[in-house]
Each structure stands twice: as structure tokens, then as C-alpha cells.
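Participant: sequence unknown, structure follows:
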């Protein structure tokens with residue numbers, strides 16, 4: 001898919017005028033995003049502007065970190081309109097920044113539908129330029145897009161919305177889900193950082209710390225926090241996470257790069273239970289603090 005779409009958009013559906021316009025657009029994109037955040041900050045929307053700047057910095061930092069971990073090379077044999085950056089390819093930092101800005105503007109109640117639509121279209125165009133110019137694969141752009149949306153949702157919940165500390169930090173769920181999906185995508189593409197998993201049971205610890213926090217944040221969101229599964233009362237967050245993790249383990253049977261492992265699933269479940277217990281303690285202390293007030 002990556003090779004087919006790269007050939008289609010980078011070599012087939014091209015035009016010299018588009019080469020110039022999209023090269024200018026992509027070169028100015030990151031600076032333009034920072035300028036938009038600055039304009040909002042200094043022109044009467046400091047909370048939203050500050051959230052934009054924090055989101056861009058956080059999103060690009062996460063994108064660069066995951067690029068270093070994946071180590072995926074830039075596309076080879078691509079028609080290069082601009083030089084390829086001397087960094088790795090997965091995920092796209094440009095797509096991350098564009099998606100998070102569009103997410104913040106879509107969530108902003110004072111932004112009109114027209115400008116929300118423009119923000120979404122510019123984010124799509126921004127992601128498209130990276131594929132058209134031959135500096136990213138389609139899967140890189142997809143990864144950057146959902147990472148940017150996740151960072152946008154998180155920054156909006158933490159810095160824009162009002163509420164107590166627990167109500168705000170629970171929005172970190174979105175980044176945790178994005179990182180888990182991104183690591184899964186890296187595994188299916190064959191770009192997991194295996195050099196970090198050489199010591200015994202490193203992959204089991206990886207499962208524990210990647211899946212467990214999802215249950216932690218999800219538990220803070222859900223009402224009711226427990227449901228009956230047959231005659232057994234089970235935490236809702238664990239039930240939802242177990243459903244998706246179990247399905248992913250089953251899908252591994254279809255991939256030559258993945259190996260379904262009961263120990264991996266056991267590590268996932270151990271992480272779920274541990275972080276659910278931690279979330280329970282946070283919930284109880286938060287409820288106790290509100291009651292005392």
C-alpha cells in the first residue's frame with residue numbers, strides 16, 4: 001500500500017506548478033503553525049494560543065521521539081522536489097502539527113464552522129504535501145495524523161477546559177492510546193526498536209507499561225466504573241481494554257512479523273489490574289477531597 005500510494009501521488013498525479021506551491025507550503029508549515037498560536041495568544045485568546053504552542057511543541061517532540069525509536073528510513077526511489085530531512089520517517093511531524101491545530105480549532109466554541117472547515121482542509125493538505133513531495137510514506141502520514149489528534153484532544157482537555165486536576169489530567173488517555181496504536185503499527189511494519197528489547201522479558205515489561213496506563217486513564221473517565229460480565233463484577237476499563245488487546249493478539253496470527261504469545265497477554269492483564277488499582281486509589285482520594293470541601 002505504501003509503495004503504491006507513493007508512486008501514485010509522488011510520481012503519477014504530479015504537475016510542475018504543484019511542485020512549487022506544495023514545496024513552499026510544506027517549508028512554511030511548522031513556522032506558520034507557531035505563528036498561528038502566537039497570534040491567538042497575543043490577540044485576545046491567550047488560553048487557546050498557549051494550548052496551541054504547547055501542543056505543537058509536545059506533538060513534535062513525541063513525533064521525533066517515535067521517529068528515533070522506529071528508525072524507519074525515508075522513502076527510497078521517490079521523486080524528490082525538496083531534499084529529504086536527515087531524520088527518520090515514522091510518524092510525520094508535519095501531519096502531527098497540522099492535525100493537532102485543526103483539532104483545537106474544531107473543539108473551540110468561538111471558532112465558526114467556516115474556519116473549522118478551513119483548518120481541517122489545511123491539515124489534510126499539509127499531510128498530503130509530505131506524500132506528494134516524497135519525504136513520507138502514507139502510513140507515516142496516518143500515524144502523524146492520529147498522534148496530532150490525540151495531542152490536540154489532550155492539550156484541550158488539560159489547558160483549555162475547566163475542572164479539577166483529575167478531570168483535566170484524565171485527557172492524557174488520548175496520548176496513551178495514540179502511543180499504543182503507534183507502537184502496534186511499528187510492530188506490524190517491522191520497525192519496533194528491537195535493540196531495546198534484547199534483555200530477558202523486556203517485551204513483557206513493554207506490554208505492561210504500554211497497556212496498563214490506558215486502563216488507568218480510562219477508569220477515570222467511565223461511569224459506571226464496574227459492570228457485570230455474567231455473574232462476575234468486572235471493572236469496565238479492564239473489560240474494554242481486554243476486548244481490544246485480545247482482538248489484537250488474535251490478529252497477530254495473520255502477520256508474518258508478529259507472534260501471538262500468552263505471556264504477552266498475561267503481561268497486558270497484569271498491567272491492566274495494577275493500573276486499575278492505582279486509578280481506584282486516585283478516584284477514592286479525589287472523592288474524599290471533594291466530600292471534605
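Facilitator: In hand now; what should we look at? Just so it is clear, the structure is predicted and the values come from calculations on it, not from any experiment.

Participant: List the buried residues in the lengthiest helix in the chain.
Facilitator: Under DSSP state H, the helix in the chain containing the largest number of residues is helix 262-292. Applying a neighbour-count criterion of 16 or more other C-beta atoms under 10 Å, the buried positions in helix 262-292 are 264-265, 267-269, 271-272, 274-276, 279, 282. In this view, the C-beta of every residue, glycine as well, is placed from N, C-alpha and C.

Participant: One more: stretch 101-115?
Facilitator: Neighbour-count burial for stretch 101-115 [16+ other C-beta under 10 Å]: 101-108, 111.

Participant: What of stretch 45-53?
Facilitator: In stretch 45-53, counting by 16+ other C-beta under 10 Å, buried: 45, 48-53.

Participant: any chance of those residues in TSV, plus secondary structure?
Facilitator: Formatted as TSV, the buried residues of stretch 45-53 follow (DSSP: H, G, I helix; E, B strand; the rest coil):
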residue	secondary structure
45	coil
48	helix
49	helix
50	helix
51	helix
52	helix
53	helix
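
Participant: picking up where we left off before, from the buried residues of stretch 101-115, which ones fall inside helices?
Facilitator: 101-107.

Participant: Let me know whether my guess that residue 257 is in a helix holds.
Facilitator: No: counting by three-state DSSP, residue 257 falls outside a helix, being coil.

Participant: Quick one: neighbours of the nearest residue to it once chain neighbours are set aside, just the number.
Facilitator: Nearest-residue entry for residue 257: residue 190, 4.9 Å, with adjacent residues in sequence omitted and distances by C-beta to C-beta, 6 or more residues apart in numbering. By the criterion of other C-beta atoms under 10 Å, residue 190 has 13 neighbours.

Participant: Phi, psi for residue 190 please.
Facilitator: With angles defined as degrees, to the nearest 10, residue 190 sits at phi 80, psi 30.

Participant: Residue 258 too?
Facilitator: With angles defined as degrees, to the nearest 10, residue 258 sits at phi -120, psi 150.

Participant: Can you give me every residue that contacts it?
Facilitator: 187-188, 251-252 (C-beta atoms under 8 Å, 6 or more residues apart in numbering).

Participant: residue boundaries of the helices in the protein?
Facilitator: Using DSSP H, helices in the chain cover 2-7, 16-42, 46-70, 93-107, 113-132, 138-155, 165-169, 173-189, 202-221, 236-251, 262-292.

Participant: Just send those helices back as TSV, with mean pLDDT and distance to residue 84 too.
Facilitator: Listed next are the helices of the chain as TSV, based on pLDDT from 0 to 100; distance: least, C-beta to C-beta, whole Å:
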stretch	mean pLDDT	distance to residue 84
helix 2-7	93	13
helix 16-42	94	12
helix 46-70	95	13
helix 93-107	97	13
helix 113-132	96	11
helix 138-155	97	12
helix 165-169	89	38
helix 173-189	94	19
helix 202-221	91	30
helix 236-251	87	32
helix 262-292	82	35
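
Participant: Rebuild those helices as TSV, extending it with distance to residue 83.
Facilitator: Shown next, in TSV, are the helices of the chain (distance: least, C-beta to C-beta, whole Å):
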stretch	distance to residue 83
helix 2-7	17
helix 16-42	10
helix 46-70	17
helix 93-107	15
helix 113-132	14
helix 138-155	17
helix 165-169	41
helix 173-189	24
helix 202-221	35
helix 236-251	38
helix 262-292	40
